[in-house]
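1. 3D model of this:
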Amino acid sequence: MFYDQKKAAVEIILGDFDGDVVLAASKMEDDVVDPPTFEILTMFRGLQLCANMGIQNIILENDCLHMVFEVQHCSTAFVSQRVPIQETRRLMQMFPTCTTHHVDRLGNEVAYRLARDARNVEDIEMWLEGVPTHISQAIYLINTLCNVFGLI
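-> Residues are numbered from 1 along each chain as shown. As a prediction, this is how the structure comes out:
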């Protein structure tokens, strides 16, 4: 989030079941001033992208445990995000398979690295075949750590 600009960069990493990145995207969003709104918006934008690409089966990962819980259980803890949460849940129902999982910071490292350059994105940037060097380095590091420590 770029509080000084009242903007946030939504980072989307689409991977296959082998852990290979199929697509990476960085989209700038205006008028986002609080983390819960940003987190649910990230999930919503990722689902929109997958729906437009015709992807059928989704595992939606996010490092915000509260928003993962909200989407899974439809509680009312985040009243100000009620509508975006409901819209995200509605969009999830369009997929034959769509589950949500909480990941820790390491599991989201690729998105964090992509976010570092997001201040320069005017609207959206996408990488379909091949990702920027700093992203591929993060993927290699994560895969190596997961293999060494048996996290896969």
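2. can you find the helix or strand of this protein with the lowest average pLDDT?
-> Ranking every helix and strand in the chain by mean pLDDT, DSSP states H and E puts helix 133-149 at the bottom, with a mean of 58.
3. now do the helix or strand harbouring Ile59, average pLDDT.
-> Using DSSP states H and E, Ile59 sits within strand 57-62. Averaging pLDDT along strand 57-62 gives 86.
4. stretch 35-42 now?
-> pLDDT averaged over stretch 35-42 gives 82.
5. any stretches of this structure with poor pLDDT?
-> 1-2, 19, 33, 75-79, 105-123, 125, 127, 129-152 (pLDDT under 70).
6. so Leu65 sits right up against Thr100, yeah?
-> No - between Leu65 and Thr100 there is no contact under Cβ atoms under 8 Å: 10.6 Å. For glycine as for every other residue, the C-beta is placed from the backbone atoms N, C-alpha and C.
7. who has more neighbours, the two?
-> Here Leu65 and Thr100 are compared on neighbour count by other Cβ atoms under 10 Å; more neighbours surround Thr100, at 19 against 12.
8. what does the more buried one show for phi and psi?
-> Per-residue torsions, Thr100: phi -120, psi 140 (degrees, to the nearest 10).
9. now it. Nearest residue, chain neighbours left out?
-> Leu60 (4.7 Å; Cβ to Cβ, 6 or more residues apart in numbering).
10. ok, Ile40 to Met67 distance?
-> 5 Å (Cβ to Cβ, to the nearest Å).
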